[in-house]
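Asker: Below is the sequence, then the predicted model.
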Amino acid sequence: MPSILITGCNKGIGLSLVKQYLGLDWQVYATARQPQKAHELLALADNHNNLQIHTLDVCNAEQRNVLAQALQGITIDILINNAGIWGQMGSNFTNTDEQKWLNAFQVNTIAPMQMMQTFAANIATSDIGIIANMSSKMGSIDDNSLGSSYVYRSSKTALNMVSKSAAIDLQPMGITIIILHPGWVRTEMGGPQGEINVQQSAQCLKKILSSVTPADAGKFYDIDGSVIAW
């Protein structure tokens, strides 16, 4: 049974990804900061023996280590670093909050790097061996025609660079790292005007992941499977 580790599964895209892979009969390791409050995720676990839920704040080194110990020696076929935050709403040129900016980098950029470092050994034992980092088209410098959103944009641009470097460094281990844009999704972060719902996003992301090969290492994928310019 193939296995997948997904962060940020209490709601939204993460929860929908859990459902998608449970539907494929994968072993799913789902994380949430407060699992006791993730009622829909807990309900899924009641009905699926192939779902394990783990407490994880991706910025908490102790919790990352506890999870690593729980999964020690277990092959992970796919790691999806899905957990992320907006950081600061309305961060325009005259209004940026330093602490919120630093927090966004901690969650959106540094934590995915630390997750890759922590679980690379698990993924290296897989014949699939994929790490997918959830970015955003808003992190594309080429695509930025509106300006503003300094905090979120910059944290995702930095994640893209981290992912690209790691894609080169981990390729000799048989690990393929890609970057994903989940689409403009109707979530708490994406807002009610989003173009697609979380189920549609998760279905498209799963399709992309199913076709990834080592030759795709370092690519930045749009939700339709096309490659986004940096």
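Answerer: Arrived safely, thanks for sending. Numbering: from 1, shown residues only.
Asker: what helices or strands is the longest helix seen in the chain leaning on?
Answerer: Scanning the chain for the helix with the most residues, using DSSP state H, yields helix 150-170. Helices and strands touching helix 150-170, as assessed by 3 or more CB pairs under 8 Å, 6 or more residues apart in numbering; DSSP states H and E, comprise helix 98-105, helix 111-124, strand 130-134, strand 176-180. C-betas here are computed from N, CA, C, even on glycine.
Asker: Which residues does residue 196 form beta bridges with?
Answerer: Legend: beta-bridge partners of residue 196 under DSSP bridges are residue 185.
Asker: Any figure for the gap between the most far-flung residue of the chain relative to its centre and residue 155?
Answerer: Residue farthest from the centre of the chain, counting by CA atoms, centre = their mean, is residue 94 at 30.2 Å. Look at residue 94 and residue 155: by CB to CB, to the nearest Å, they are 19 Å apart.
Asker: now the helices for this structure?
Answerer: Counting by DSSP H, the helices of the chain are 12-23, 39-47, 61-70, 98-105, 111-124, 150-170, 198-210.
Asker: re the thing from before, Throw the helices and strands packed on helix 150-170 into CSV and include mean pLDDT, distance to residue 21 and mean neighbour count, thanks.
Answerer: As requested, the helices and strands packed on helix 150-170 are exported to CSV (pLDDT from 0 to 100; distance: least, CB to CB, whole Å; neighbours: other CB atoms under 10 Å):
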stretch, mean pLDDT, distance to residue 21, mean neighbour count
helix 98-105, 97, 28, 16
helix 111-124, 98, 16, 20
strand 130-134, 98, 12, 25
strand 176-180, 98, 15, 25
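Asker: closest one to residue 58 among those?
Answerer: Taking CB to CB, helix 111-124 is the member of these nearest to residue 58, at 3.9 Å.
Asker: Which other helices and strands does that closest one contact?
Answerer: Counting contacts by 3+ CB pairs under 8 Å, 6+ apart, helix 111-124 packs against helix 61-70, strand 78-81, strand 130-134, helix 150-170.
Asker: Nearest approach to residue 201 belongs to which of those?
Answerer: Ranking the helices and strands packed on helix 111-124 by proximity to residue 201 (CB to CB) places strand 130-134 first, at 10.2 Å.
Asker: so what's the closest residue in space to residue 64 that isn't next to it in sequence up against?
Answerer: Once flanking residues are discounted, residue 64 sits nearest to residue 118: 5.3 Å by CB to CB, 6 or more residues apart in numbering. Shown in contact with residue 118 (CB atoms under 8 Å, 6 or more residues apart in numbering): 64-65, 67-68.
Asker: Show residues contacting stretch 220-230.
Answerer: 135, 137, 140-143, 160, 178-183, 196, 201, 204-205, 207-208, 211, 219.
Asker: From the residues you listed, keep the buried residues only.
Answerer: Taking 16 or more other CB atoms under 10 Å as the criterion, what is buried in those is 135, 137, 140, 143, 160, 178-183, 196, 201, 204-205, 208, 219.
Asker: Give me the number of neighbouring residues for residue 203.
Answerer: Neighbourhood size, residue 203 [other CB atoms under 10 Å]: 16.
Asker: Against residue 209, how distant is it?
Answerer: As judged by CB to CB, residue 203 and residue 209 stand 11 Å apart.
Asker: Please apply the same query to residue 165.
Answerer: Distance of residue 165 to residue 209, given as CB to CB: 21 Å.
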